[in-house]
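>>> quick check, what structure comes out for this input:
(2 chains)
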Amino acid sequence: NAGVTQTPKFQVLKTGQSMTLQCAQDMNHEYMSWYRQDPGMGLRLIHYSVGAGITDQGEVPNGYNVSRSTTEDFPLRLLSAAPSQTSVYFCASSYSLSTGELFFGEGSRLTVL
Amino acid sequence: KNQVEQSPQSLIILEGKNCTLQCNYTVSPFSNLRWYKQDTGRGPVSLTIMTFSENTKSNGRYTATLDADTKQSSLHITASQLSDSASYICVVSPFGGGSYIPTFGRGTSLIVHP
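From the prediction side, this is the model:
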């Protein structure tokens, strides 16, 4: 099993550009989520999904869109990148939101110039 | 609002020494409390999990304790090694109330010097 796979690992964007961070898991987990991690701020929840076709906002959703068309994939879209979105992004999945361990990807480092 | 506070923010110790990291939380009731280890440039990995009825849980040189009455948890690292240098994150998952979204602490950065 590959676990949680994130691509790309590194990306540099110009302000106003759009891009999609990909996240895929092969553990048949229903719960998937996106976090951003900034120095001194810890991990902050952007969006999450409790199953295919179901998504909801987390703590810092502005500027990001998500969709969940399959159990395996949970892409994060930046429609018009801003320098404030420079961060490290982590995707995580779990078999049970209330009791399950969160399995994280290796992260995607995004720089917006 | 659910909160998880960790202390200290950073810690430097010598190899072979012990250390204890603290986690205070307001999440109530809670389903479980986990400690994660995050190596530099990597995603967090779960070290221990405790439910509200458990007092202690060990994973090798890592021992987590929980006092549900005072809403405090600690992570004790014994005989530290250079590979213990990492960020340690306390995560508390609520129970009931319609939301099971876990709350993350900001982490304690541990540096182990030879």
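
>>> touching stretch A:65-84 from outside, list them.
Identification of contacts with stretch A:65-84 by C-beta atoms under 8 Å, 6 or more residues apart in numbering or on different chains yields A:13-26, A:28-30, A:32-34, A:46-47, A:49, A:51-55, A:63-64, A:85, A:89, A:91, A:93, A:110, A:112-113. In this view, the C-beta of every residue, glycine as well, is placed from N, C-alpha and C.

>>> and that stretch, what's buried?
Residues of stretch A:65-84 classed as buried by neighbour count (16 or more other C-beta atoms under 10 Å in any protein chain shown): A:66-68, A:71-72, A:74-76, A:78, A:81.

>>> next: stretch B:6-24.
Neighbour count says stretch B:6-24 has B:6, B:11, B:13, B:19, B:21, B:23-24 buried, by 16+ other C-beta under 10 Å.

>>> which residue is nearest the middle of chain A?
Closest residue to the average C-alpha location of chain A: A:Trp34 at 2.9 Å, with C-alpha atoms, centre = their mean.

>>> ok, how many other residues are close to B:Gln72?
14 (other C-beta atoms under 10 Å in any protein chain shown).

>>> once you drop chain neighbours, what's closest to it?
Leaving out its chain neighbours, the residue that sits closest to B:Gln72 by C-beta to C-beta, 6 or more residues apart in numbering or on different chains is B:Asn24, at 5.4 Å.

>>> does that neighbour belong to a helix or a strand, and which?
Element membership of B:Asn24, judged by DSSP states H and E, is strand B:19-25.

>>> for chain A, which segments count as strands?
A:4-7, A:10-13, A:19-25, A:31-38, A:42-51, A:54-57, A:64-66, A:76-78, A:87-94, A:103-104, A:108-112 (DSSP state E).

>>> for the fifth one, what is the average pLDDT?
Across strand A:42-51, the average pLDDT comes to 94.

>>> how about the residue nearest to B:Gln72, what does it touch?
B:4-7, B:71-72 are the contacts of B:Asn24 under C-beta under 8 Å, 6+ apart.

>>> out of these, which comes closest to B:Thr103?
B:Val4 (5.0 Å; C-beta to C-beta).

>>> the closest one and chain A, how far apart?
9 Å (C-beta to the nearest C-beta, to the nearest Å).

>>> skipping adjacent residues, who's closest to whatever residue of chain B ends up closest to chain A in space?
Of all residues in chain B, B:Gly43 sits closest to chain A, at 3.2 Å by C-beta to the nearest C-beta. Excluding its sequence neighbours, the residue lying closest to B:Gly43 (C-beta to C-beta, 6+ apart) is A:Phe104, at 3.2 Å.
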